[in-house]
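> just coords:
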């Protein structure tokens, strides 16, 4: 994918949110690289897509689903996540695991996409 526009990020966030909801049900994290491979992206380029998930969860009072995407080396989310330190990430991951995601749908087209990546 070469375009980097609103539609692409909204579509990516939709796909990633579905993957992350599945991981939450299994009580498992996913590495940035694994998530990026789904859409043939560079792992460094999924931050904005995950940011959309983070913002949607915050706006709706949902647990931070994006916290399940972690760095292979540090085993916690990257600095763009509000819960990037290991202790808070672990606590939020437990909250995500315990939440029932089965009836939660996301609509990323309605969110404002920032001009810089996180």
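That came through, no problem. From a predicted model like this one, the values you see are computed outputs, not experimental measurements.
> what are the phi and psi values for residue 17?
phi -60, psi -40 (degrees, to the nearest 10).
> Could you give the number of residues near it?
A total of 23 residues lie near residue 17 under the criterion other CB atoms under 10 Å. Where C-beta positions appear, they are placed from N, C-alpha and C, glycine not excepted.
> Now do the contacts for it.
With contact taken as CB atoms under 8 Å, 6 or more residues apart in numbering, residue 17 is in contact with 53, 56, 65, 106, 108.
> per-residue pLDDT, it?
You'll see residue 17 listed with a pLDDT of 97.
> what's the answer for residue 58, then?
With respect to pLDDT, residue 58 has a value of 92.
> Check residue 6 too.
Reported pLDDT for residue 6: 63.
> quick check, nearest of the contacts of residue 17 to residue 88?
Nearest to residue 88 among the contacts of residue 17: residue 65, at 15.0 Å, using CB to CB.
> hang on, the closest one packs against residue 52?
No - in terms of CB atoms under 8 Å, residue 65 does not count as a neighbour of residue 52; the distance is 10.8 Å.
> quick one: low-confidence ranges for this protein?
Confidence mapping of the chain against pLDDT under 70 gives the ranges 1-6, 110-118.
> where's residue 49, which helix or strand?
Using DSSP states H and E, residue 49 sits within helix 47-60.
> Could you pull out the buried residues of that helix?
47-57 (16 or more other CB atoms under 10 Å).
> same question, stretch 102-109
Of the residues in stretch 102-109, those buried (16+ other CB under 10 Å) are 104, 106, 108.
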